[in-house]
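Undergrad: Here is a sequence with its predicted model. Questions after.
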Amino acid sequence: FNFKIDIPWLVAQYPVHHRTKPLLVVHGSTRQEKANLEREARLFTHVDLCQAKLEMIYGTHHTKMMILSYVNGVRVIIHTANLIHSDWHQKTQGVWMSPLFPPLAPQSRNGDSPTNFKRDLLQYINAYKSQSLNEWISIIKRHDFSTAKVFLIASVPGRHSGASLNEFGHLKLKKVLRQFGPSSDACKQWPVLAQFSSIGSLGPTPESWLSSELLTSFSATRGSGSQSKPRLHLMYPCRHDVRLSLEGYGAGGSLPYSINTAKKQPWFRTICNRWRSECNGRTKACPHIKTYLRASPDWHNLAWFTLTSANLSKAAWGMLEKQGSQLMVRSYELGVLFLPQPFGTDVFQVASNSPDASHPFMVPYDLPPLPYES
Ligand SMILES: CNc1ccc(C(=O)O)c(C(=O)O)c1
């Protein structure tokens, strides 16, 4: 599943002896792009295409996922990189790799985890309503996902209401945080950080959508306790970060932010932070990764961490309509939410920024964030 796909390049990444394994590419391309993809796919008898329907204007098939079927199990990869050389060459990307999920033992129960990862993955793939995904739906059903410790946060194009209202976008994140997240006492006033590689039209003030809607969901806590909104920090490379990067100004090609949109929201730069990754030696590797987190005021601990394809946009996270009874989403997005409890801890410590059992991810940038200069 991806947005930009170079099929000959993708096939060439396989080890030679695996290069003809059957490959289904799920994309959202139309018109000339779709024709180009079909021409490339025809070069390989083992490559098939599945076109995701995009019924919401301006929506994209942004999801970046691989489902790998082995003789002894299946593995799910959710990541942020397009399947083109330049996305894997000199940028900072994020990849979550699942454990190997073994085949379900006969007569065993449905093989899901306490985070309902399998249920949510099936719900997401079913949303495509595509015959060519039926094979993968049955593969997933036949496997045991009980070791999955992350929550799936998906976006599917459409107007979601009723029983589906809280199934996608920022309302799904809010629902999971309300059920399994930190208590409001544990993270009172803890700031939220949004890091992304593209920005949509967010409105004339932060209150238009960013803090009134997105931050409300991001600052949800267990139980119904309502609390005052925490600070929201944004992270997106400034002009000099891009100019001084490994790719130079060319990195801007993967940091799309239209000048006309930027002119409508000059407030954005006043609350934005630079891209710094001295901790990983990746300050010069421009971010194409997208992450969202909630941290303690001293930035030493995290209440949760999300890796996703979703940029800072209403198209990706959804926009409430009809007095909050409906969520309008334009694009397909997919991400994973790490909460401490499934990993046997009550908080993630940034200091131990080397992945281990109770710290299953690396924070990809320096904290505290570095504000833009005037
Ligand atoms: C703003 N439109 C975008 C379209 C595609 C992509 C992608 O690379 O998949 C991105 C991005 O992730 O930066 C943004």
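TA: Structure received.
Undergrad: List the residue ranges of this structure that fall below the pLDDT cut-off.
TA: 224-226, 353-354 (pLDDT under 70).
Undergrad: what packs against the helix or strand containing residue 33?
TA: Element membership of residue 33, judged by DSSP states H and E, is helix 31-41. Judged by 3 or more C-beta pairs under 8 Å, 6 or more residues apart in numbering; DSSP states H and E, the packing partners of helix 31-41 are helix 7-12, strand 23-27, strand 47-51. Glycine gets a C-beta too; all of them are placed from N, C-alpha and C.
Undergrad: ok, and for that helix, which residues are buried?
TA: 37, 40-41 (16 or more other C-beta atoms under 10 Å).
Undergrad: and what of stretch 338-354?
TA: Buried-residue list, stretch 338-354, by 16+ other C-beta under 10 Å: 338-340, 342-343, 347-348, 350.
Undergrad: quick revisit: tell me the angle the helix holding residue 33 makes with strand 23-27.
TA: Relative orientation of helix 31-41 versus strand 23-27 (axes from the mean of the first three to the mean of the last three C-alpha atoms, to 10 degrees): 170 degrees.
Undergrad: what's next to helix 31-41, contact-wise?
TA: Outside helix 31-41, the residues that touch it by C-beta atoms under 8 Å, 6 or more residues apart in numbering are 5-8, 25, 27, 29, 47-49, 51.
Undergrad: Please dump these into a markdown table; it should also carry distance to the ligand for every row.
TA: As requested, the contacts of helix 31-41 are exported to a markdown table (distance: C-beta to the nearest ligand atom, whole Å):
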| residue | distance to the ligand |
| --- | --- |
| 5 | 10 |
| 6 | 13 |
| 7 | 16 |
| 8 | 19 |
| 25 | 14 |
| 27 | 11 |
| 29 | 12 |
| 47 | 20 |
| 48 | 21 |
| 49 | 18 |
| 51 | 16 |
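Undergrad: Quick check: the farthest pair among those?
TA: 8 and 51 (19.4 Å; C-beta to C-beta).
Undergrad: Which one's more surrounded, those two?
TA: residue 51 (18 against 11; other C-beta atoms under 10 Å).
Undergrad: residues contacting the residue in the stretch 1-150 of the chain positioned nearest to the ligand?
TA: Nearest residue of the stretch 1-150 of the chain to the ligand, counting by C-beta to the nearest ligand atom: residue 3, 3.7 Å away. If you count contacts by C-beta under 8 Å, 6+ apart, residue 3 has them with 27-28, 60-64, 82.
Undergrad: next one: residue 86
TA: Taking C-beta under 8 Å, 6+ apart, one finds 247, 254 in contact with residue 86.
Undergrad: Would you agree residue 148 is in contact with residue 97?
TA: No: when contacts are counted by C-beta atoms under 8 Å, residue 148 is not listed as touching residue 97 (11.6 Å).
Undergrad: Show me which of the two is the more surrounded one.
TA: It is residue 148, of residue 148 and residue 97, that has more neighbours when counted by other C-beta under 10 Å, with 24 against 12.
Undergrad: contacting residues around the more buried one?
TA: Counted by C-beta under 8 Å, 6+ apart, residue 148 has contacts 98-99, 101, 113, 115, 117-118.
Undergrad: what are the phi and psi angles of it?
TA: Main-chain torsions, residue 148, degrees, to the nearest 10: phi -70, psi 120.
Undergrad: For the spatially most central residue of the chain, name its beta-bridge partners.
TA: For the chain, residue 308 is the residue whose C-alpha lies nearest the centre (C-alpha atoms, centre = their mean; 1.1 Å). Beta-bridge partners recorded for residue 308 (DSSP bridges): residue 335.
Undergrad: Please enumerate the helices of this protein.
TA: Listed in chain order, the helices of the chain (DSSP state H) span 7-12, 31-41, 85-89, 117-126, 134-141, 169-180, 215-218, 239-243, 259-264, 267-270, 314-317.
Undergrad: Just name the most buried of those helices.
TA: Across the helices of the chain, the average number of neighbours (mean count of other C-beta atoms under 10 Å) peaks for helix 314-317, which reaches a mean of 26.
Undergrad: outside of it, which residues touch it?
TA: 56, 58-60, 62, 155, 169-170, 200-202, 209, 214, 309-310, 328-331, 333.
Undergrad: Residue 79: how many residues sit nearby?
TA: Residues near residue 79, counting by other C-beta under 10 Å: 23.
Undergrad: measure residue 185 to residue 269 for me?
TA: 34 Å (C-beta to C-beta, to the nearest Å).
Undergrad: What sits closest to whatever residue of the stretch 251-374 of the chain ends up closest to the ligand if chain neighbours are left out?
TA: In the stretch 251-374 of the chain, the residue that lies nearest the ligand is residue 256 (4.2 Å; C-beta to the nearest ligand atom). Leaving aside its sequence neighbours, residue 256 sits nearest to residue 198 (C-beta to C-beta, 6 or more residues apart in numbering; 4.8 Å).
Undergrad: is it true that the one you found touches residue 311?
TA: Yes: counting by C-beta under 8 Å, residue 198 does reach residue 311; the two are 4.1 Å apart.
Undergrad: Please identify which of the two sits among more neighbours.
TA: residue 311 (24 against 19).
Undergrad: Contacts only, for that one.
TA: 62, 196-200, 290.
Undergrad: can you give me the angle the helix holding residue 33 makes with strand 47-51?
TA: Going by the same axes, to 10 degrees, helix 31-41 is angled at 160 degrees with respect to strand 47-51.
Undergrad: For the ligand, tell me whether helix 31-41 is touching it.
TA: No: Helix 31-41 is not in contact with the ligand by C-beta under 6 Å from any ligand atom; minimum separation 12.0 Å.
Undergrad: Look up the closest residue to residue 338, ignoring the ones flanking it.
TA: Using C-beta to C-beta, 6+ apart, the closest residue to residue 338 is residue 305 (4.6 Å).
Undergrad: thinking the one you found is in contact with residue 348, fair?
TA: Yes: applying C-beta under 8 Å, one finds residue 305 in contact with residue 348, separated by 6.4 Å.
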